[in-house]
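Trainee: Sequence first, predicted model second:
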Amino acid sequence: MKRYMLLLALLIAVSCEKTPEDGSVPVTVTLEYEGKVNPVEGITVNLRDLSGKVGYKALTDADGTAAFNVLPGFYEATASFRTSSEGELLVFNGVKSDIAVSRCTSLQTNENRLNLSM
């Protein structure tokens, strides 16, 4: 039994990705609209820890993904943008709460989807 416990502990230890010295972890947030990736470049995505003390901002790339390096914890992601179509102003907003960021990416992924709505 001790062997199995030791093996399990070893597997968990090696499954944790090495992080930079500051302890930050890479996190991505990809914007979606109606369940499909929204590949719009230049939209600001905000990532704030649930205590409200630490916040990060990043712009989406051509694939609609914003990349961050944050400390492990729980976060909320928000995004909003405006565009016009046929003379009408369209406003898109999205919020995703309770994003858990972990150093152990094999136990949980740090890739997130944020659904935008009008």
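Mentor: It's in.
Trainee: CA only for contacts and neighbour counts going forward, please
Mentor: Noted.
Trainee: Now do the contacts for residue 112.
Mentor: 27, 28, 29, 30, 99 (Cα atoms under 8 Å, 6 or more residues apart in numbering).
Trainee: and if you look at residue 85?
Mentor: So residue 85 contacts nothing (Cα under 8 Å, 6+ apart).
Trainee: How about residue 28?
Mentor: 65, 66, 67, 68, 110, 111, 112.
Trainee: Pairing-wise in the sheet, spell out the partners of it.
Mentor: Counting by DSSP bridges, residue 28 is bridged to residue 67, residue 111.
Trainee: I'd like the distance between it and residue 45.
Mentor: 10 Å (Cα to Cα, to the nearest Å).
Trainee: for residue 74, same thing?
Mentor: To residue 45, residue 74 is 16 Å away according to Cα to Cα.
Trainee: Tell me the buried residues within the contacts of residue 28.
Mentor: 65, 66, 67, 68, 110, 112 (16 or more other Cα atoms under 10 Å).
Trainee: right, and the fifth one touches residue 74 too?
Mentor: No - the pair formed by residue 110 and residue 74 falls short of the contact definition of Cα atoms under 8 Å, at 11.3 Å.
Trainee: any residues in contact with both of those two?
Mentor: The contact lists of residue 110 and residue 74 share 100, 101, where a contact means Cα under 8 Å, 6+ apart.
Trainee: For the buried ones among the contacts of residue 28, give me a markdown table that also has pLDDT and distance to residue 49.
Mentor: Shown next, in a markdown table, are those (pLDDT from 0 to 100; distance: Cα to Cα, whole Å):
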| residue | pLDDT | distance to residue 49 |
| --- | --- | --- |
| 65 | 93 | 19 |
| 66 | 94 | 16 |
| 67 | 94 | 16 |
| 68 | 93 | 13 |
| 110 | 74 | 14 |
| 112 | 77 | 15 |
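Trainee: What part of this structure, helix or strand, is modelled with the least confidence?
Mentor: When each helix and strand of the chain is scored by mean pLDDT, DSSP states H and E, helix 2-15 comes last, with a mean of 37.
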